[in-house]
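A.B. asks: take a look and give me a structure for this.
(chains A and B)
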Amino acid sequence: MNNHKPIRILLAKIGLDGHDRGVKVLARIFREAGFEVIYTGLWQTSESTMYAAMQEDVDIIGVSLLSAAHMTVVPELAKYRKKLGIESTPILLGGIIPAEDHDAVRKMGVTEIFNPGANTADIVESINNLAKNNTVPPRDTLLDGYANADQAALAKIITQMQAGENLTDWQPPSGHVPAGNATVIGITGAPGVGKSSFIGKLGAELRRRNLKVAVVAVDPSSPITGGALLGDRLRMMTGKPDEGFFIRSVASGEVQGGLGPHCADLVKLLSGFGFDVVFLETVGAGQSDVTIRNAVDHTMLLLMPESGDSIQYSKAGIMEIATHFVLNKCDLDGADKTHAQLLSAVGEDRPIYRTSSVNSEGVPAIADWITSLR
Amino acid sequence: MSAKPTTNDSTPANVDSNPFVGPQDLANFDPEKSLAEPGQYPYTRGIHREMYRKRTWTMRQFAGFGAAEETNKRFKFLLSKGQTGLSTAFDLPTLMGRDSDDPLALGEVGRCGVAVSSLDDMRRLYDGIDLSKVSTSMTINAPAAILLAFYICVAEEQGHTPDQLRGTLQNDILKEFHAQNEYIYPPRPSVKLVIDTIEYGTKHMPMWNTVSISGYHIREAGATAAEELAFTLADGMEYVKLSIERGLNVDDFAPRLSYFFDVHNNFFEEIAKLRAARRIWSNVMKNRFNAKNDRSLICRMHCQTAGVTLTEQQPMNNVVRVAYQALAAVLGGTQSLHTNSMDETLALPTEGSVKLALRTQQVIANETHVTETVDPLGGSYFIEKLTNEMEAKAHAIFDQIDAMGGVLEAIDRGYFRRAIAESALQENKRIESGQQKIVGVTDFVDDEEDHQVDLLKITQKTEDAQVARLKALKTNRDQQQHADALANLKKTAVNDQNVMPALIKAAKADATVGELIETMREVYGSYDGGPEW
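C.D. replies: Residues are numbered from 1 along each chain as shown, chains lettered A, B, ... in the order given. Down below sits the predicted model:
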């Protein structure tokens, strides 16, 4: 892992168009090519897309447009890219873009255009070439940015940290060091239990209470190619993008135990930047996700109805280290039964919350607890 | 990543080690039982005894763009050229239940279909068209109940009652979760709305097709032919199951369910798919759901040629692809057909290209003589073997879905989306490795590309005018009546009653699509798409 930095690419669909066959094929091809792919899902705006690109510090921004809205959307993309200080990040456009519009779209700030039928090997090659031109700003510039609450700088420092850059001597200039006393909460639980959506709802609730929230969301890397599909973010981006809600997707790399490289340091970096609450979401591999305990103040385990068996068989491991339990998706059948099983397995010393997958029911109670810690 | 369905081998169906198929491939095949005659159970050979000898299929070209007046003009053009049914395409904001003045609608009003935000828009869309005379198909899903309410109101203003109306609502929300992504609420309340329309239609609109259960979008998103067949029929069974649970008699509503399939390039595989669909459906309806009426057993279908096979390169080649696909649909025994226009990969079709697509169907119907005998391929060793294989593959997929607990549970697990995305990836790899050829793209590529086809342009003026009209409507309506109607809708939804009467009332109070959707969202919640990878 020494200073190896996989190419990071954002794949975004903007507007209401739901045709995602192409973007999903590309996401898989890119993972096979060894890229870290952040897919932000459907119904994004130009603004939310550029916020994601900035926070994720991607090398390439890939935008899929099949709704004939390119002449309206591309200027918006360029506007927010500039506003957020990532003007040098290339935009690649895919979809139905008539040839006669290509020049205009390029002039507005798009680097490459790929129409349906474009060869994926050509797209991968183009990305490899474009990513070579990306440079990291000097260390002092980044440090100044960090000290002055510049999120684009923070995002780039995270990339360096993830790549294994030794940051022990990276101290922001004296007098600028923020408090660094964030409440750090680990979120773990099996795949499909709804960790990311839960964080999205809880984060939005904490924002309403004026707490600044950061999330580190870990997804697994392919052991073969090193590539990764980082899909947690799309479940969290529900509201309007916001400086006070920072999301960073991390690939696990070769790290075992549900976290990615240097996650504990990353959490400290976010705390130092001035966030009030930092969530660390694990891969969700199951019982072995116990290393999280060393990086967080509290560990929240998410379960869903009808997961009784896993409760019975897993009194050790993750059940043991969790400090709080959330029974998510309580709108599904079997919630009461699972709640009873959980209660008999863990006793009454540790809180058990109930939340819904349909609405934000149950979330304010958890936000109350977090607010009480501040 | 979940396991790939074992039945979904990516090898195209008619790649076989043997150069031809013979009687040995149909060893246990009983034509009496598996085929019978056309118009007889299990309807493999067609739903009518006479098929196209008596009446050709309905030629139904999907149309819609810009503001209501522009689509209205296109409708009148198509009717004047001999088209026999109307098919309405709505724009993305409407499909997503958002008004034309919604911030997320920016730049998309009237681009991919017609913008309908209110009863007034619907009134102008069908202006001068007698709704008791035409059959109208509306491609709308998440807000389908709302658009149906608007349509009923427009007909009422023309002096027609709901029982006089003929047409089809696509109204198939399940495939939106699998493929097209135009969902709003979570799966269970979304399906509840579909059952509301089935119930309303069964009681008040005996000639209206309540759901067009659609494989088209599933296939276009990347599914194989067998997956399209199995996923679509599984969705159909889910609607039947839930309608019976609602208290409806299967023979009262099942005759008004219809299907919508894609017709792709693999000529014989597609014909086999359509034949297998009829056989499976009649078996399921008879044996699982105990339907007694013959009309409940037949799988009526609309087909559309495969948009995904059209290429931007050498676009005139698309005319040829569409013609072969259309022929497969006819030989497969479809009841209605949309032929794609050759310029659809580039933009919405122009009037000229739509006419050429319609003419393609008319040539098949009037010049090729393929309509003169029913199911002319029936009994072919090859076709019957393919049909049997399609049926077996579909049953294997049904077993997988049942093992997960049903269609809704499989959606919760992301089963459909993953299977479709994986098949799309495999097809992409076959194309890029040279195993699957595309004329003009992978082979026979022109050095100098000629892209000179005229494209239809939708201007920003359309959007601006539509937004202005909508704002005026929102200002000038009776606000008290409007507020009462929305409150009534919410109460109906909270009480878990059928929302159709409340929607009709609200439509008359000039409530907009976006307002109605948001009112119900307060009760039903939002959906984030479920597991993605």
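
A.B. asks: counting neighbours, what do you get for the closest residue to residue B:160 other than its chain neighbours?
C.D. replies: Spatially, and ignoring its direct neighbours in sequence, residue B:160 is nearest to residue B:132 (4.6 Å; Cβ to Cβ, 6 or more residues apart in numbering or on different chains). Quick note: C-beta positions are derived from backbone N, CA and C, even for glycine. Applying other Cβ atoms under 10 Å in any protein chain shown, we find 12 residues neighbouring residue B:132.

A.B. asks: I figured residue B:132 was touching residue B:154, is that so?
C.D. replies: No. Judged on Cβ atoms under 8 Å, residue B:132 makes no contact with residue B:154 at a distance of 11.5 Å.

A.B. asks: list the beta-bridge partners for residue B:303.
C.D. replies: residue B:261, residue B:337 (DSSP bridges).

A.B. asks: what's the spacing between residue B:38 and chain A?
C.D. replies: In this view, residue B:38 and chain A are 36 Å apart by Cβ to the nearest Cβ, to the nearest Å.

A.B. asks: also residue B:286?
C.D. replies: 31 Å.

A.B. asks: who are the contact partners of residue A:62?
C.D. replies: By Cβ atoms under 8 Å, 6 or more residues apart in numbering or on different chains, the contact set of residue A:62 is A:9-12, A:23, A:26, A:91-92, A:94.

A.B. asks: what sits against residue A:154?
C.D. replies: A:145-146, A:246, A:269-270, A:273.

A.B. asks: three-state assignment of residue A:217?
C.D. replies: strand (DSSP: H, G, I helix; E, B strand; the rest coil).

A.B. asks: can you check residue A:62 too?
C.D. replies: Applying three-state DSSP: residue A:62 is strand.

A.B. asks: and it, what are its bridge partners?
C.D. replies: Under the criterion used here (DSSP bridges), residue A:62 is bridged to residue A:11, residue A:92.

A.B. asks: show me where the stretch 101-250 of chain A has its helices.
C.D. replies: Using DSSP state H, counting those that start in this stretch, the helices of the stretch 101-250 of chain A run over residues A:102-107, A:120-132, A:139-147, A:151-162, A:195-208, A:233-236.

A.B. asks: point to the helix or strand of chain A where mean pLDDT is at its lowest.
C.D. replies: In chain A, the helix or strand scored least confidently by mean pLDDT, DSSP states H and E is helix A:308-313, which has a mean of 64.

A.B. asks: are we agreed that the residue nearest to residue B:160 is in a strand?
C.D. replies: No. With three-state DSSP as the criterion, residue B:132 is located in coil rather than a strand.

A.B. asks: where's it relative to residue B:159, distance?
C.D. replies: Going from residue B:132 to residue B:159 by Cβ to Cβ, to the nearest Å gives 8 Å.

A.B. asks: which residues of the stretch 251-400 of chain B score low on pLDDT?
C.D. replies: Low-confidence segments of the stretch 251-400 of chain B, defined by pLDDT under 70: none present.

A.B. asks: ugh, wrong one, chain A
C.D. replies: A:1-4, A:167-179, A:285-289, A:308-316.

A.B. asks: which residue ranges make up each domain of it?
C.D. replies: A:8-132, A:183-372 (automatic domain parsing).

A.B. asks: can you tell me if the last one touches chain B.
C.D. replies: Translated: domain A:183-372. Yes. Domain A:183-372 lies within reach of chain B by Cβ under 8 Å from any Cβ of the partner chain, at A:191-192, A:197, A:229, A:231, A:234-235, A:238, A:356-359.

A.B. asks: how about the residues of the stretch 251-400 of chain B near chain A?
C.D. replies: Going by Cβ under 8 Å from any Cβ, the residues of the stretch 251-400 of chain B near chain A are B:308, B:311-313, B:345-348.

A.B. asks: of those residues, which pair is most distant in space?
C.D. replies: Spatially, the most separated pair among those is B:313 and B:348, at 19.2 Å (Cβ to Cβ).

A.B. asks: helices along the stretch 201-350 of chain B, start to end?
C.D. replies: B:216-220, B:225-246, B:250-253, B:267-283, B:294-297, B:317-331.

A.B. asks: the longest one: which residues count as buried?
C.D. replies: Translated: helix B:225-246. Under the neighbour-count criterion of 16 or more other Cβ atoms under 10 Å in any protein chain shown, helix B:225-246 has B:225-240, B:242-243 buried.

A.B. asks: just the fifth one next, same as before
C.D. replies: When burial is assessed from 16+ other Cβ under 10 Å, helix B:294-297 yields the following buried residues: B:294, B:296-297.

A.B. asks: now distance to residue A:111 too, for the residues of the stretch 251-400 of chain B next to chain A, in TSV please.
C.D. replies: Shown next, in TSV, are these (distance: Cβ to Cβ, whole Å):
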residue	distance to residue A:111
B:308	27
B:311	25
B:312	20
B:313	23
B:345	23
B:346	22
B:347	24
B:348	28
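
A.B. asks: make TSV from the residues you listed and add neighbour count and distance to residue B:482 to it.
C.D. replies: TSV is the format used below for those (neighbours: other Cβ atoms under 10 Å in any protein chain shown; distance: Cβ to Cβ, whole Å):
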residue	neighbour count	distance to residue B:482
B:308	18	42
B:311	18	48
B:312	22	46
B:313	21	51
B:345	20	42
B:346	24	42
B:347	20	37
B:348	23	33
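
A.B. asks: if we can go back for a sec, check contacts around the residue nearest to residue B:160.
C.D. replies: Counted by Cβ under 8 Å, 6+ apart, residue B:132 has contacts B:155, B:158, B:160, B:164-165.

A.B. asks: now that we have those, which of them are buried?
C.D. replies: Judged by 16+ other Cβ under 10 Å, buried ones among the contacts of residue B:132: B:155, B:160, B:164-165.

A.B. asks: narrow the residues you listed to those in helices?
C.D. replies: residue B:155 (DSSP state H).

A.B. asks: tell me how far the ends of stretch A:222-230 are from each other?
C.D. replies: Start-to-end span of stretch A:222-230 (Cα to Cα, to the nearest Å) is 11 Å.

A.B. asks: go on, stretch A:278-291?
C.D. replies: Start-to-end, stretch A:278-291 (Cα to Cα) is 17 Å.

A.B. asks: next, count neighbours for the residue in the stretch 151-300 of chain A that chain B sits nearest to.
C.D. replies: Of all residues in the stretch 151-300 of chain A, residue A:231 sits closest to chain B, at 4.8 Å by Cβ to the nearest Cβ. Neighbour count for residue A:231, taken as other Cβ under 10 Å: 20.

A.B. asks: same deal with residue A:122?
C.D. replies: For residue A:122, using other Cβ under 10 Å, the count is 12.
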